[in-house]
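[1] sequence? don't have it. structure:
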């Protein structure tokens, strides 16, 4: 099912603090840390392909998958503008049907939190495992329970740049956050509004490790965002690195 149509249009303008170059380097550092060769790499839930493109420019044999046609349209445009010919496939995370086996899979910027049913997260892990070669590396990040309860909570945020003015509203109950985005773009002295609604769920560390194990992965580590240090109590995003068992 296609989604995030309005968000796709403004995504890059609102993600200026995503630190894509650092996330790209982190993947190389993680591979080195665990003696892994990246090989065939999937950027899962690749969005507009910013990380995919950086990996390709550094010589990684990478392709991207996302469930949003609009996001992928942006990704393909950016790829072609950069002179890269990256394969992008329209695939939901929990229903992967990939063209070839993987050596590495990366899924960043809390994409897996958008799967609000634990069964869908398990299906996503199972799908990555099904296509991953033994010894392959699965690296992903997730927003924490702390972030949902203490940062997102029922708060409202305002994001603004030269392109768009965005009002971000959150409605949180337990570990489920319903998110409502309203975009306002100025054109010829008038403001035009578009909206996007979606949800995220935070999962406890034990749940994630249990699902990885069920999918045939060994959890190598859980770290604070872009570090190899244990997460702090107030960590907002954590990174998991798992290896496909033989």
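    Looks like it came in fine. Remember, predicted model here, so these are calculated numbers, not experimental data. Residues are numbered from 1 along each chain as shown.
[2] from here on, contacts and neighbour counts on C-alpha atoms
    OK.
[3] now for the strand or helix carrying residue 238, which elements pack on it?
    Counting by DSSP states H and E, the element that carries residue 238 is strand 237-244. Applying 3 or more CA pairs under 8 Å, 6 or more residues apart in numbering; DSSP states H and E, one finds that strand 237-244 contacts strand 132-143, strand 217-224.
[4] so where's the protein shaky on pLDDT?
    1-16 (pLDDT under 70).
[5] can you map out the helices along it?
    5-14, 20-33, 50-57, 69-81, 118-131, 145-146, 205-214 (DSSP state H).
[6] compare the ones you listed and give me the one nearest residue 163.
    helix 5-14 (6.8 Å; CA to CA).
[7] could you check how far the residue of the chain most remote from its centre is from residue 234?
    Using CA atoms, centre = their mean, the residue of the chain lying farthest from its centre is residue 189. It sits 35.3 Å away. For residue 189, the distance to residue 234 equals 43 Å [CA to CA, to the nearest Å].
[8] over to residue 107?
    For residue 107, the distance to residue 234 (CA to CA) stands at 22 Å.
[9] sorry, back to before: quickly run through the sheet partners of the strand holding residue 238, with directions.
    Paired neighbours of strand 237-244 in the sheet (DSSP bridges): strand 132-143 (antiparallel), strand 217-224 (antiparallel).
[10] got the angle between the shortest one and helix 205-214?
    Compare the direction of strand 217-224 with that of helix 205-214 by axes from the mean of the first three to the mean of the last three CA atoms, to 10 degrees and you get 150 degrees.
[11] from the chain's centre, how far out does strand 217-224 sit?
    17 Å (CA atoms, centre = their mean, to the nearest Å).
[12] pull out the buried residues from it.
    217-219, 222-224 (16 or more other CA atoms under 10 Å).
[13] any chance of these in JSON lines with distance to residue 193 as columns?
    Shown next, in JSON lines, are the buried residues of strand 217-224 (distance: CA to CA, whole Å):
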{"residue": "217", "distance to residue 193": "44"}
{"residue": "218", "distance to residue 193": "46"}
{"residue": "219", "distance to residue 193": "44"}
{"residue": "222", "distance to residue 193": "40"}
{"residue": "223", "distance to residue 193": "39"}
{"residue": "224", "distance to residue 193": "36"}
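[14] check contacts around residue 66.
    44-47, 72, 88-93 (CA atoms under 8 Å, 6 or more residues apart in numbering).
[15] wait, residue 244
    Here residue 244 is in contact with 129, 132-138, 216-218 (criterion: CA under 8 Å, 6+ apart).
[16] quick check: buried residues in stretch 173-182?
    175-182.
[17] more neighbours, residue 107 and residue 234?
    residue 107 (22 against 13; other CA atoms under 10 Å).
[18] tell me the contacts of that one?
    With CA under 8 Å, 6+ apart, residue 107 has these contacts: 43-46, 139-141.
[19] turn those residues into a markdown table, including neighbour count and distance to residue 151.
    Shown next, in a markdown table, are these (neighbours: other CA atoms under 10 Å; distance: CA to CA, whole Å):
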| residue | neighbour count | distance to residue 151 |
| --- | --- | --- |
| 43 | 24 | 27 |
| 44 | 27 | 26 |
| 45 | 25 | 24 |
| 46 | 27 | 25 |
| 139 | 24 | 24 |
| 140 | 22 | 21 |
| 141 | 23 | 17 |
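[20] residue 26: which of the residues you listed is nearest?
    Proximity of these to residue 26 (CA to CA) peaks at residue 139, which lies at 10.0 Å.
[21] bridged to the closest one, which residues?
    residue 106, residue 241.
[22] how about the contacts made by it?
    27, 104-107, 239-242.
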